[in-house]
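Chemist: What shape does this take:
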Amino acid sequence: MKKILFVILCSVLFFTNNVFAAEYTTETLTEACEKEGLECKHTDKAYDSTLPTVYIFRGDGCPYCNNLLSYVSSIIDNYKLNVVVYEVKLNKDNWDLYKKVGAKFNFVPKGYPYMVVGDETFDGYINTYDEDIKTKFASLQDKTEFYDVVQDVLDDPVEENNGSNAIVIIFIFAVVAIIGAIFGYRVITKEETES
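Modeler: Numbers count the residues shown, from 1 in each chain. Here you go, the predicted structure:
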């Protein structure tokens with residue numbers, strides 16, 4: 001009896017843990033550089049929702065990611081852009097977001113870094129990308145309308161299914177309560193018949 005209740009409790013904890021919405025953790029370019037021990041060559045600016053955003057998906061300790069962070073840090077002050085960084089090596093939710101963003105570009109993430117700039121991506125980093133990155137950053141200057149793929153993924157109603165999460169949680173607790181009542185009734189009945 002105790003084993004069955006233990007299994008039910010573990011199942012409930014497992015399922016309720018998996019139905020809550022993901023929590024993505026972002027870093028500023030400065031925070032990412034500092035975590036990796038890199039020199040911050042840019043001015044730390046506040047996020048401005050009216051500006052296009054550059055997204056960098058990076059792995060903790062990844063030398064290619066660090067080279068990309070250093071390069072972006074060295075040029076970003078020349079552009080009116082936000083930079084948002086997601087660490088994906090140690091953060092499962094961020095990795096899941098990375099996969100969803102990659103799917104928008106028919107890309108299956110296997111490594112990092114991965115940078116999304118408007119409707120273009122840069123997979124990995126080598127210094128031959130530098131001119132293409134500058135060109136793409138410049139193309140986003142003074143744009144009042146731009147498509148933000150990452151924000152589109154974050155705003156996806158499938159992503160935010162809080163209402164259905166509540167229904168699932170209520171259903172799980174109802175099932176557990178019913179099972180508990182049945183087993184509780186049987187235990188009482190068995191004890192009463194033995195007396």
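
Chemist: Which of the helices or strands spans the closest residue to Thr144 other than its chain neighbours?
Modeler: Nearest in space to Thr144, with sequence neighbours left out and distances taken as Cβ to Cβ, 6 or more residues apart in numbering, is Thr50 at 8.0 Å. Glycine gets a C-beta too; all of them are placed from N, C-alpha and C. Secondary structure assignment for Thr50, by DSSP states H and E: no helix or strand.

Chemist: any idea how far Gly59 lies from Lys99?
Modeler: 14 Å (Cβ to Cβ, to the nearest Å).

Chemist: higher neighbour count, the two?
Modeler: Gly59 (19 against 15; other Cβ atoms under 10 Å).

Chemist: Scan the helices and strands of the protein for the one with the lowest mean pLDDT.
Modeler: helix 2-19 (a mean of 51; mean pLDDT, DSSP states H and E).

Chemist: Show me what secondary structure element comes after that one.
Modeler: Counting by DSSP H and E, what follows helix 2-19 is strand 26-27.

Chemist: Not counting its own residues, what contacts whichever strand or helix holds Cys33?
Modeler: Taking DSSP H and E as the criterion, Cys33 maps to helix 29-35. Identification of contacts with helix 29-35 by Cβ atoms under 8 Å, 6 or more residues apart in numbering yields 27, 39-40, 42, 44, 56, 58, 60, 69-70, 72-73, 76, 83, 85, 87.

Chemist: Could you pull out the helices in this structure for me?
Modeler: Listed in chain order, the helices of the chain (DSSP state H) span 2-19, 29-35, 63-75, 92-104, 130-139, 149-154, 162-194.

Chemist: buried set for the shortest one?
Modeler: Spelled out, it's helix 149-154. Val149, Val150, Val153 (16 or more other Cβ atoms under 10 Å).

Chemist: Mind giving me the packing neighbours of it?
Modeler: strand 53-58, helix 92-104 (3 or more Cβ pairs under 8 Å, 6 or more residues apart in numbering; DSSP states H and E).

Chemist: tell me the angle of the first one relative to helix 130-139?
Modeler: Think strand 53-58. Here strand 53-58 runs at an angle of 150 degrees relative to helix 130-139 (axes from the mean of the first three to the mean of the last three Cα atoms, to 10 degrees).

Chemist: Paired strands for strand 53-58, with orientation please.
Modeler: Strand pairing for strand 53-58, using DSSP bridges, gives strand 82-87 (parallel), strand 114-117 (antiparallel).

Chemist: So for it, what gets flagged as buried?
Modeler: So, applying 16+ other Cβ under 10 Å, buried residues of strand 53-58: Thr53, Val54, Tyr55, Ile56, Phe57, Arg58.

Chemist: which ones are touching Asp142?
Modeler: Lys80.

Chemist: ok, now how distant is the nearest residue to Phe122 once chain neighbours are set aside from Phe105?
Modeler: In this structure, Phe122 finds its nearest non-sequential neighbour in Met115, 4.3 Å apart by Cβ to Cβ, 6+ apart. Remark: distance between Met115 and Phe105 (Cβ to Cβ) = 12 Å.

Chemist: again with Pro113
Modeler: Taking Cβ to Cβ, one finds Pro113 at 15 Å from Phe105.
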